[in-house]
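Engineer: Next comes the sequence, and after it the predicted model I'd like to discuss.
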Amino acid sequence: MNLPQLPLGVRVMDEDHYVLEQMFAQAAQVADSGLSAHLDAILAEIAAHFAREEVEMQRVGVPILPCHRIQHATLLVEAEKIRANFSNAEPQARRRLIAFDLAQLVANHVAAPDRVSSDFFDEKIDYSTPDRRSA
Ligand SMILES: [Fe+2]
């Protein structure tokens, strides 16, 4: 299992966060003409990830889920602001909006609401054990 920059020990978080980080990094290699579609794909992936994460948090009974849902909705609003700035930006600025601005929004979310919520998962993955890491 590939790990994101900040592993939290919750599969739906760590797997999806890794995928998103890869998508942010890919912005450097995407052709100018493909940047808009790449942003659309990332925003769709973020929304799908939030839905998966909320289902899992509901399943284990994370008590701060209502607050976490608000954090997700707020991030999606902020992401739409980035999309609004995107259309008038030059290609290099578009890449920065994806690889830095949007990536930072998600990283901040992972480091605060996700980290706190992950503590409510009783059985967290222990990555220090090699056979659990590849599970
Ligand atoms: Fe989250």
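Structural biologist: Arrived safely, thanks for sending. Residues are numbered from 1 along each chain as shown.

Engineer: Quote the end-to-end distance of stretch 1-9.
Structural biologist: The first and last residues of stretch 1-9 sit 12 Å apart, counting by Cα to Cα, to the nearest Å.

Engineer: So which bits of that stretch are buried?
Structural biologist: Within stretch 1-9, the residues that qualify as buried are 4, 7-8, counting by 16 or more other Cβ atoms under 10 Å. To be clear about C-beta, it is placed using only N, CA and C from the backbone, and glycine gets the same treatment.

Engineer: Can you tell me what sits against stretch 18-31?
Structural biologist: By Cβ atoms under 8 Å, 6 or more residues apart in numbering, the list of residues contacting stretch 18-31 from outside reads 2-5, 35, 38, 41-42, 45-46, 49, 94-95, 98-99, 102-103, 106.

Engineer: at 10 Å what do you get?
Structural biologist: The contact list for stretch 18-31, computed with Cβ atoms under 10 Å, 6 or more residues apart in numbering, reads 1-7, 34-39, 41-42, 45-46, 48-49, 91-92, 94-104, 106-107, 110.

Engineer: ranges for the helices of this protein?
Structural biologist: Taking DSSP state H to define them, one finds helices in the chain at 11-26, 35-60, 65-86, 91-96, 103-109, 115-118, 130-133.

Engineer: Kindly reformat the ones you listed as TSV containing distance to Lys124.
Structural biologist: Output for these, formatted as TSV (distance: least, Cβ to Cβ, whole Å):
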stretch	distance to Lys124
helix 11-26	9
helix 35-60	11
helix 65-86	17
helix 91-96	34
helix 103-109	18
helix 115-118	7
helix 130-133	10
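
Engineer: Turn those helices into CSV, columns for mean neighbour count and mean pLDDT.
Structural biologist: Listed next are those as CSV, based on neighbours: other Cβ atoms under 10 Å; pLDDT from 0 to 100:
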stretch, mean neighbour count, mean pLDDT
helix 11-26, 18, 98
helix 35-60, 16, 98
helix 65-86, 14, 97
helix 91-96, 16, 97
helix 103-109, 18, 98
helix 115-118, 18, 97
helix 130-133, 10, 58
